[in-house]
Structure formats: structure tokens, C-alpha cells
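[1] here are the coordinates; sequence isn't available:
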């Protein structure tokens with residue numbers, strides 16, 4: 001099957017975040033409406049719900065196009081994506097007033113301060129998670145769609 005490989009790569013890349021983001025929405029609804037947490041979390045969900053599936057899909061298309069030249073494994077390629085998502089998400093959140101970067105940590109919604117010493121290990125866990133998801137899930141979908 002050699003027809004439309006980039007369309008198939010787009011669909012394979014968008015698969016995981018399209019399944020995960022509705023689960024995040026359910027958690028949001030429970031936290032915000034059932035547990036009545038007074039933090040306006042919905043302002044922080046706009047960026048991931050709108051852009052992340054498309055970015056994953058475009059990232060998979062980029063892997064498909066660049067793989068013959070770079071021979072970069074898909075897991076490593078996927079682990080690079082958080083290095084683009086974190087700064088762009090932080091920039092958007094800062095511009096929208098959702099995030100304030102202080103001297104000792106990041107403050108979300110003017111209510112929750114997270115120290116930088118905690119952000120670094122969480123980011124490393126995110127990198128490991130991205131690597132595994134891209135290697136095993138997106139790589140599997142790419143092989144099933146005969147594009148990997």
C-alpha cells in the first residue's frame with residue numbers, strides 16, 4: 001500500500017492524543033465540578049486539546065519524511081517533541097496569564113506554585129513516557145499502516 005503515506009502517518013500520529021485527551025477532560029470535569037476545586041483549570045486545557053493531536057500527527061509526518069535521511073528511531077524522534085511542546089506551552093500560558101515564572105518556581109493560576117526542582121524530574125518522566133509511547137504505540141501503528 002503506497003498510496004497517501006503522509007495521510008496515514010498523520011492519522012497514526014493523532015491516534016494517541018485523541019484517545020488520551022478525552023480522559024483528561026473527564027478528570028477535569030471531576031476535579032472542577034465534583035470536587036469543586038476553585039482553580040480555573042479550563043484555561044489550561046485549551047492549548048493541549050486544540051494543538052497536541054495535530055502536533056503529534058505533524059511530528060509523525062516529519063518522521064516519515066526525514067527517516068530515510070536521518071535513520072532516527074521513532075522512539076527517540078518522539079522524545080524530542082516535549083522539547084518543543086514545553087517551551088511553546090509555557091509561552092502561551094505565560095501570555096494568557098495562566099502561568100507566572102518566578103524566582104523559585106512556576107505559579108499556575110495565581111494559586112499553585114510548583115518548584116523548579118520538581119519540574120525537572122517530572123519533565124524527565126515525560127520524556128521517558130513520550131519515548132515509550134512513540135516507540136511502541138505510534139511505531140506499531142506506523143507498521144500496521146505500512147509506513148514504518
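    Perfect, thanks for sending it. All values derive from a computational prediction rather than experimental measurement.

[2] got the residue ranges for the strands in this structure?
    For the chain, the strands defined by DSSP state E occupy 99-101, 105-108, 112-115.

[3] what about residue 108, how many neighbours?
    By the criterion of other C-beta atoms under 10 Å, residue 108 has 18 neighbours. For the C-beta atoms, the positions are set from N, CA and C on the backbone; glycine is no exception.

[4] Pretty sure residue 133 sits against residue 13.
    No - assessed by C-beta atoms under 8 Å, residue 133 is found out of contact with residue 13, at 11.0 Å.

[5] Can you pick out the residue with more neighbours from these two?
    Shown here are residue 133 and residue 13; by other C-beta under 10 Å, residue 13 has more neighbours (28 against 18).

[6] Skipping adjacent residues, who's closest to that one in space?
    Leaving aside its sequence neighbours, residue 13 sits nearest to residue 60 (C-beta to C-beta, 6 or more residues apart in numbering; 2.9 Å).

[7] so that neighbour makes contact with residue 145?
    No - in this structure, residue 60 is not within contact of residue 145 by C-beta under 8 Å, at 10.3 Å.

[8] Now the common contact residues for the two.
    Common neighbours of residue 60 and residue 145 (criterion: C-beta atoms under 8 Å, 6 or more residues apart in numbering): 9, 12.

[9] Between those two, which has more neighbouring residues?
    It is residue 60, of residue 60 and residue 145, that has more neighbours when counted by other C-beta under 10 Å, with 31 against 16.

[10] picking that back up, looking at the strands of the chain, which is closest to residue 65?
    Residue 65 sits nearest to strand 99-101 of all those, at 32.9 Å, using C-beta to C-beta.
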